[in-house]
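Asker: Sequence first, then the predicted structure:
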Amino acid sequence: MKMQKFIAASCCLMAASLVSCGGGAPVAGSALGAMTETQPHAAGGRSKQDLIYVANGNNEVTVYSYSSQQLVGVLTQFTKPEGECVDGEGNVYITDASANRILEFAHGGAKPIKTYDDSPDSPYACAIDPVSGNLAVANDDGSSGNIAIWSKSSGQRTTYSDSALGVFQGCAYDSNGNLLVTNGYLGYANPSLFAWLPEGGTRLTNVKVPGPNGSRTWHYILGIQWDGKFFVLDDGQTIYRVLLIHGQAYYVGDTELYYGSGQFGFYSSKKGFQATVVVGPGDSESSSSVYYWNYPAGGQPVTEISHGVDWPVAVVVSLAAK
């Protein structure tokens, strides 16, 4: 597929709702509004289109239509957005490392519907348990960290630590509610290590994750996601699929994503099915972009978004209610 490149010098003025612009090309001559005090749009305050949320290095989260790549909103309530995750209803959770909190937004909403206080920890990445609805957060406090889990039913926060990993920079749930975590990228001298917390478990257990050659030592893991069928390890321009069965990890395969780097988001038109598209930050020293790749084929990106993107660090896809 020929790459489509969407670049705009100006976008719709957004004063009343996150998607007041609708689809199509941006309106020339209008200014981009900061979506901090606007009211939710549509019935129930939810957008009717699939959306992409991009956490940027300029401390903004830009929101795009998945289908048209139209910039439809900017969220500015952050001091350092690091990670993003989404639940089954399309609600988006964004970690704010410097503010020690996680903000939850309804799909297409402009104002947080809930704030999770993670003090004194610095949240890096997050994941939602599809079984219980619990929120898991990977905390990286520099020399130490933990996995914090908020119970959906009680709201109680429980933390889990692991002396082997020390800090935590990635986490993801599978469809059965098992949580895989990593200490992430700490420099080549410090390998990326892994642990898991089974559904209903009470402690993290270290797990050896094999690579393509069986005995691989990981060094550059930037995050963990779930593609609807497998855990996916972000390793720059290559992502690796892993199966976890009763604490035993198995290498499945890999996908090369040209120009890719960072925490990726996965898109499937049907909830519960393996993703068909991966969307993520671009690895470029000259520009800031978000790319789409066919999945699991990978290779060259098929679509690029650059307008409103500023050194992205994480991307998540939120599906509209069908």
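Answerer: Yep, that arrived.

Asker: I figured residue 220 was touching residue 239, is that so?
Answerer: No: between residue 220 and residue 239 there is no contact under CB atoms under 8 Å: 11.3 Å. Using the backbone N, CA and C atoms, a C-beta is placed for each residue, glycine as well.

Asker: Counting neighbours, go ahead and name the busier of these two.
Answerer: A count of neighbours by other CB atoms under 10 Å puts residue 239 above the other of residue 220 and residue 239, at 27 against 18.

Asker: contacts for the helix or strand hosting the more buried one?
Answerer: Assigned by DSSP states H and E, residue 239 belongs to strand 238-245. By CB atoms under 8 Å, 6 or more residues apart in numbering, the list of residues contacting strand 238-245 from outside reads 174, 178, 180, 196, 207, 209, 211-212, 227, 230-233, 249-257, 260, 264, 278, 296, 298.

Asker: let's see it at 6 Å
Answerer: Here strand 238-245 makes contact (CB atoms under 6 Å, 6 or more residues apart in numbering) with 180, 209, 230-233, 249-250, 252-256.

Asker: Figure out how far stretch 288-301 is from the centre of its chain.
Answerer: 15 Å (CA atoms, centre = their mean, to the nearest Å).

Asker: pLDDT of that stretch, averaged?
Answerer: For stretch 288-301, mean pLDDT is 96.

Asker: Same question for stretch 216-231.
Answerer: Mean predicted lDDT for stretch 216-231 stands at 94.

Asker: For it, measure first residue to last.
Answerer: 17 Å (CA to CA, to the nearest Å).

Asker: ok, and for that stretch, which residues are buried?
Answerer: Judged by neighbour count using 16 or more other CB atoms under 10 Å, the buried positions of stretch 216-231 are 218, 220-231.

Asker: and if you look at stretch 89-104?
Answerer: 90-97, 99-104.

Asker: Next, give me the two most distant ones among those residues.
Answerer: Farthest pair in the buried residues of stretch 89-104 (CB to CB) is 90 and 100. Separation: 25.4 Å.

Asker: export the buried residues of stretch 89-104 to a markdown table and tack on pLDDT?
Answerer: Formatted as a markdown table, these follow (pLDDT from 0 to 100):
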| residue | pLDDT |
| --- | --- |
| 90 | 96 |
| 91 | 97 |
| 92 | 98 |
| 93 | 98 |
| 94 | 98 |
| 95 | 98 |
| 96 | 98 |
| 97 | 97 |
| 99 | 97 |
| 100 | 98 |
| 101 | 98 |
| 102 | 98 |
| 103 | 98 |
| 104 | 98 |
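
Asker: Those in strands, which ones?
Answerer: 92-96, 101-104 (DSSP state E).

Asker: Can you add distance to residue 320 and give the residues you listed back as CSV?
Answerer: Below are these laid out as CSV (distance: CB to CB, whole Å):
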residue, distance to residue 320
92, 12
93, 17
94, 18
95, 23
96, 25
101, 26
102, 22
103, 20
104, 17
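
Asker: Could I get the full set of strands for the stretch 1-150 of the chain?
Answerer: For the stretch 1-150 of the chain, the strands defined by DSSP state E, counting those that start in this stretch occupy 4-6, 51-56, 61-65, 71-75, 81-86, 92-96, 101-105, 114-117, 123-128, 135-140, 145-150.

Asker: okay, these in JSON lines with distance to residue 316 next?
Answerer: Compiled in JSON lines, the strands of the stretch 1-150 of the chain are given as follows (distance: least, CB to CB, whole Å):
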{"stretch": "strand 4-6", "distance to residue 316": "19"}
{"stretch": "strand 51-56", "distance to residue 316": "5"}
{"stretch": "strand 61-65", "distance to residue 316": "10"}
{"stretch": "strand 71-75", "distance to residue 316": "12"}
{"stretch": "strand 81-86", "distance to residue 316": "4"}
{"stretch": "strand 92-96", "distance to residue 316": "6"}
{"stretch": "strand 101-105", "distance to residue 316": "11"}
{"stretch": "strand 114-117", "distance to residue 316": "16"}
{"stretch": "strand 123-128", "distance to residue 316": "9"}
{"stretch": "strand 135-140", "distance to residue 316": "14"}
{"stretch": "strand 145-150", "distance to residue 316": "18"}
